[in-house]
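>>> with the input below, show me the fold.
(2 chains)
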Amino acid sequence: MKFARSSALTLAVAYTSLGLAALALFAAPLWYAWRVTIQEGRNEVLQSDAQRLTEVFRRDGPSGLVSYINARVGLQIAGERLLLLADESLRPLAGNLPEWPSTVPPNPGTSNVKLELGGHLTDVAVVHAILPEGYHLLVGRDTARFQPLEQRFWYALAGAVAILSVLGAFGGILIRRALLARIDGIRRTVSAIIQGDLSHRLPTHDSGDELNTLSRTINGMLEQIELLIHGVRNVSNSIAHDLRTPLAELRSRLEELALTKPSTEQTFAEIDAAVADVDGVIRIFNALLRLAEIDSGTRRSGFVPVDLSAVAAAAVEFYQPAAELRGSSLMLASSGPAPIRGDPVLLAQALGNLIDNALKYTPEDGTIVVEVRAGGYDSSVEITVADSGPGIPAEQKPKAVERFYRGDASRGTPGVGLGLSLVDAVARLHGSELRLEDNHPGLRARIVLTQDTPQITRVERATSEQGGFQHEPVYP
Amino acid sequence: MKVLLVEDNERVTQFVVKGLQEAGHTADHAPNGRDGMFLAASEPYDVIIMDRMLPGEIDGLAIIEALRKSGKRTPILILSALSEVDERIRGLRSGGDDYLTKPFAFGELLARIDALTRRSQGESAQTRLEVADLRVDLLSRKVTRGSRSVTLQPREFKLLEYLMRHADQVVTRTMLLENVWDYHFDPQTNVVDVHISKLRQKIDADFERPLLRTVRNAGYTLTSHD
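The predicted model follows:
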């Protein structure tokens, strides 16, 4: 609230000051030009006057000029124009000044002086000319008549400043009001969120102004936070539940051992079993840590070019004996190199989890097909693991990737319910997601990734197509 | 074998030192980075087990870097609670030879330091490996047991080669996963066991004396001794 008020006020003050500064910048040269023009014009008039009088003096001599000046003084309005002719010793001979003013500089030229006129000091512009035979001529003009004009200029400027200030203040208040109303809306929503209700969202509308964009961004952030909080809550519930079981077993095993004190041989067997229990707990922890590591997104910095076909081939080869042992057939269908950018360790683990899952749930003599398809029309790389097991019912599919979720089909099989979560996390790290589809019958797990297309890979692919054989792409 | 353990946790220290002595090794122990640095630099050890987070100013990785800079080639196994892939890579980049995360099974630790000391003795120039009457020719990739030729898939060959190179040592499932398949994760099910039993079928079936044996709670060993 305080921030909003002060920021709106600061804004209004800043704008008004800026307006005033602009006004000053505009007025100052105007004022200067005006002053200079008037002064120069006046001096020119005075100088040409002095010139004319000097010519009269040259033509008619001192007496001629005296009578000329007397005629001029008799004609003009008193005070406006000053004329004075004086002899060598500055004694006045003719004109409308009683004596030679002492403030006029002794050298000929133009100057501004103060003179006693009609009882009070007045600003006067004078031209002092020295005529032949040592006569002095003074032509001057009272500048006081320009003062009202000057005053009006200042009044107008002051008026403009006043109007600008008032408008600025008023505008500031208006802006503040409008801003405050919207910020207050945001503040109220955020307060509700702080109190723990994450479902609130900031009001937004269709316009693309800054506040609206900000609100939308904040809403996106809230969405993400809500998702994360929800996830964390789910996970901590699940951890509490799923670790409680093995820990309870371990505890009772150890307590029983202490109570019953069985034979040494049996004690060792129990200790071995207890160590196995702990290993199970550690395994869950490791899986969770791995998930957290993937979710943090830091692994993305270690992305390198990977051939998904090679990863799939290695995984199929790795699980082949396990499939044979179960009497299932595990097959790889690959359409050549499938270059992507990714983390080879995580991709192998994700693929391993999918094959492992498929093996677990496929009955004997079942079929599991791992397929890698690259270079479709949209340059995607698609990897699917399809089995002929019972599949996952449609309503359970969204839950299947949740942490610690174990579907009905998984009862009685080993595992902690983190396998598909990890696959999904790895897929999301690579900018995709795990899709679970129906294989009629069975489950079809699918991940669509973006193909990595460095120049050299394209060349490599082209030659391999022409040559009719496949080989691993060479990456730069 | 003379082992240096640099580790600040007393229980872990006691557990490891006792286990090493039980296995017939001598073990020195340093509870902090300074002592560890001093011992590692001044005494000749066959292998060093190094914790990463140590009390005092010097941490495990700093010690390893300093040792490597001064030209010490003693094999070092890093023992750490930091399990992330990046941490592991950092540990190996600093000059460590192997990386084991806590909590760990003692069998795993023992097998790994055995493998490390064996590796440091140098065996790369070998072209033929032999355990009893099982022979592997690394150049022609031919395997024979007695007078019989054994046909192996490429990966089976790699598995056997690794076991042969570490003959008479215990090799854990994790070591096999990391070195034969380059898988640095837990594949949940006992796939390694299945691979081993397949290999066993090929090299041990019909022979009186099995060479590839299971070591309870630890892993496998390929040996001609009883």
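>>> count of neighbours near A:Val190?
Counted with other Cβ atoms under 10 Å in any protein chain shown, residues neighbouring A:Val190 total 14. (Glycine included, C-beta is placed from N, CA and C.)
>>> tell me the phi and psi of it?
phi -60, psi -40 (degrees, to the nearest 10).
>>> quick check: it vs A:Ile229, distance?
Plainly put, A:Val190 is 16 Å away from A:Ile229 if you go by Cβ to Cβ, to the nearest Å.
>>> before we move on, what about A:Ser388?
A:Ser388 is 39 Å from A:Ile229, by Cβ to Cβ.
>>> look at those two and report which has more neighbours.
A count of neighbours by other Cβ under 10 Å puts A:Ser388 above the other of A:Ser388 and A:Ile229, at 21 against 11.
>>> now do the contacts for the more buried one.
A:Thr362, A:Pro363, A:Gly366, A:Thr367, A:Ile368, A:Asn439, A:Pro441, A:Gly442 (Cβ atoms under 8 Å, 6 or more residues apart in numbering or on different chains).
>>> how about these in JSON lines, adding secondary structure?
Shown next, in JSON lines, are the contacts of A:Ser388 (DSSP: H, G, I helix; E, B strand; the rest coil):
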{"residue": "A:Thr362", "secondary structure": "coil"}
{"residue": "A:Pro363", "secondary structure": "coil"}
{"residue": "A:Gly366", "secondary structure": "coil"}
{"residue": "A:Thr367", "secondary structure": "strand"}
{"residue": "A:Ile368", "secondary structure": "strand"}
{"residue": "A:Asn439", "secondary structure": "coil"}
{"residue": "A:Pro441", "secondary structure": "coil"}
{"residue": "A:Gly442", "secondary structure": "coil"}
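>>> which of the residues you listed sit farthest apart?
A:Pro363 and A:Asn439 (13.8 Å; Cβ to Cβ).
>>> what's the helix or strand for A:Ala386?
strand A:380-387 (DSSP states H and E).
>>> please enumerate the strands of the chain.
No chain was given, so I picked chain A. A:81-86, A:92-95, A:109-117, A:120-130, A:136-142, A:304-307, A:329-334, A:339-342, A:367-374, A:380-387, A:434-438, A:443-450 (DSSP state E).
>>> to clarify, I was referring to chain B.
For chain B, applying DSSP E gives strands covering B:2-6, B:26-30, B:47-51, B:76-80, B:98-101, B:128-131, B:134-137, B:142-145, B:148-150, B:171-172, B:212-215, B:219-222.
>>> show me which residues of chain B are close to chain A?
When proximity is defined by Cβ under 8 Å from any Cβ of the partner chain, chain B lies next to chain A at B:83-86, B:103, B:105, B:155, B:181, B:183-189, B:191, B:194-195, B:198, B:217.
>>> now the buried members of those residues.
B:83-85, B:105, B:155, B:181, B:183-189, B:191, B:194-195, B:198 (16 or more other Cβ atoms under 10 Å in any protein chain shown).
>>> coming back round to it: out of A:Pro363 and A:Asn439, which sits in the busier spot?
Between A:Pro363 and A:Asn439, A:Asn439 has the larger neighbour count (other Cβ under 10 Å), namely 19 against 12.
>>> A:Ser328 reaches A:Gly366, doesn't it?
Yes. A:Ser328 lies in contact with A:Gly366 (Cβ atoms under 8 Å); the separation is 4.6 Å.
>>> contact residues of the stretch 301-450 of chain A facing chain B?
Residues of the stretch 301-450 of chain A lying near chain B (Cβ under 8 Å from any Cβ): A:302, A:314, A:317-319, A:321-322, A:325, A:345, A:348-349, A:352-353, A:356, A:359-360, A:414-415, A:419.
>>> among these, which are located in helices?
Mapping these onto helices (DSSP state H) picks out A:314, A:317-319, A:321-322, A:325, A:345, A:348-349, A:352-353, A:356, A:359-360, A:419.
>>> just the buried ones among the residues you listed, please.
Of these, these count as buried by 16+ other Cβ under 10 Å: A:314, A:317-319, A:321-322, A:345, A:348-349, A:352-353, A:356, A:359-360, A:419.
>>> and which of those residues is nearest A:Tyr68?
Once Cβ to Cβ is applied, the member of those that ends up nearest A:Tyr68 is A:Val345, at 114.8 Å.
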